[in-house]
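Participant: Okay, here's the prediction I keep looking at, along with the sequence it came from:
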Amino acid sequence: MPDALITVRGLKVALPDMTRKPLFGRAPMAEILKGLDFELPKNSITGIVGESGSGKSTLGRALVRLIEPSAGSVTFDGRDITHLSDAELKPLRRDLQMIFQDPMSSLNPRRTIGSIIAAPLKQNGMGDNLRERVAEALRRVGLPVNFAMRYRHELSGGQRQRVGIARALALSPKFVLADEIVSGLDVSTQAQVLTLLERLAGEMGLTVAFISHDLSVIRRLCRQVIVMRQGEIVEAGPTDELFGDPKQAYTRELIAAIPLPEIDPDWLRAKPLAAAN
Ligand SMILES: Nc1ncnc2c1ncn2[C@@H]1O[C@H](COP(=O)(O)OP(=O)(O)OP(=O)(O)O)[C@@H](O)[C@H]1O
């Protein structure tokens, strides 16, 4: 097994079930994740796939410790982070970054793109040479440096998602959670954003958890795949094996039901960069 950046053992997450909250008193807890075991190997992209409500986003949030697991453990780079306090997590935040699904809602409309990218740098003690660091972050994602002066509404959807990537990668993290980052973008823009993520992940040696409902994208982009259903892992393994010889009926059904690709077919046919090297 390749060296793991993140190791998950017996991971459970329980959240208050608001649909069953009594008029008075607390809502009962609902178990969303029911004991997951897996590893995320260093310097690789792992796809997390499953039907809506299967727990993908909850898992992602537990990996970056935005929610605290109710049982089991999450080990990041050799350190057990399962129950660290906010203060203990603070120095690790830089290494655990996220790219959000909808940059429209995650980019503050009243701040310039430059100040949005600068904010986490300042919070993480990287406030020196700020102008140069922001320029470098923009260049890295293929945006002109003068975009630092612009505002969210002046950018296209693809440009906004590039800013989301620039912001997450400005801190040179070790781990990036990418949760449905291209849904909502048009077909050719999706391919451009994924090509960029793939290239930067390779260049920067990132470990990425890539959540998507689109199996054709996962197959093309990810080295290994985790298939989830109802808060459990149905099947996990190297992408080639999982698609070539799925062991579980549910995985076979998912693969058989892959709809026509929602993405640029040229991108799907292109060789993954990792394999091309
Ligand atoms: N804060 C919460 N409190 C209670 N239940 C929640 C909470 N967040 C999510 N859930 C429930 O947990 C289950 C898993 O949700 P989650 O968003 O992780 O799934 P998902 O696979 O990411 O779905 P989608 O693909 O639709 O985003 C769902 O049944 C959802 O209703």
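Facilitator: Received it, and whenever you're ready, just let me know what you need. Numbers count the residues shown, from 1 in each chain.

Participant: Output the contacting helices and strands for whichever helix or strand residue 46 is part of.
Facilitator: Assigned by DSSP states H and E, residue 46 falls within strand 45-50. If you count contacts as 3 or more Cβ pairs under 8 Å, 6 or more residues apart in numbering; DSSP states H and E, strand 45-50 packs onto helix 56-63, strand 207-211, helix 215-221, strand 224-229. C-betas here are computed from N, CA, C, even on glycine.

Participant: and the third one, is it in reach of the ligand?
Facilitator: If I follow you right, that is helix 215-221. No - Helix 215-221 stays clear of the ligand (Cβ under 6 Å from any ligand atom), getting no nearer than 13.0 Å.

Participant: gap between that helix and the chain center?
Facilitator: Relative to its chain's centre, helix 215-221 lies at 14 Å (Cα atoms, centre = their mean, to the nearest Å).

Participant: Just list what that helix packs against, helices and strands only.
Facilitator: strand 45-50, helix 187-204, helix 239-244, helix 265-269.

Participant: who in the stretch 51-200 of the chain is up against the ligand?
Facilitator: Residues of the stretch 51-200 of the chain lying near the ligand (Cβ under 6 Å from any ligand atom): 52, 53, 54, 55, 56, 57, 58.

Participant: Spit out the contact partners of the closest residue to the second one other than its chain neighbours.
Facilitator: Right, residue 53. Among residues not flanking residue 53 along the chain, residue 230 sits closest, at 8.0 Å (Cβ to Cβ, 6 or more residues apart in numbering). Residues near residue 230 by Cβ atoms under 8 Å, 6 or more residues apart in numbering: 34, 53, 54, 55.

Participant: still on that earlier bit, as a markdown table, the helices and strands packed on strand 45-50 with mean neighbour count and mean pLDDT would be great.
Facilitator: Formatted as a markdown table, the helices and strands packed on strand 45-50 follow (neighbours: other Cβ atoms under 10 Å; pLDDT from 0 to 100):
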| stretch | mean neighbour count | mean pLDDT |
| --- | --- | --- |
| helix 56-63 | 21 | 96 |
| strand 207-211 | 23 | 97 |
| helix 215-221 | 22 | 90 |
| strand 224-229 | 23 | 96 |
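
Participant: right, so of those, which gets closest to residue 264?
Facilitator: Closest approach to residue 264 among the helices and strands packed on strand 45-50 (Cβ to Cβ): helix 215-221, 10.5 Å.

Participant: mind saving the C-alpha coords of that closest one as CSV?
Facilitator: Extracted in CSV, the C-alpha atoms of helix 215-221 (Å, rounded to 0.1, in the frame of the first residue of the first chain):
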residue,chain,number,x,y,z
LEU,A,215,-18.5,8.5,-12.7
SER,A,216,-17.1,9.2,-16.1
VAL,A,217,-15.1,12.2,-14.6
ILE,A,218,-14.0,10.0,-11.6
ARG,A,219,-12.8,7.3,-14.0
ARG,A,220,-10.7,9.7,-16.0
LEU,A,221,-9.3,11.8,-13.1
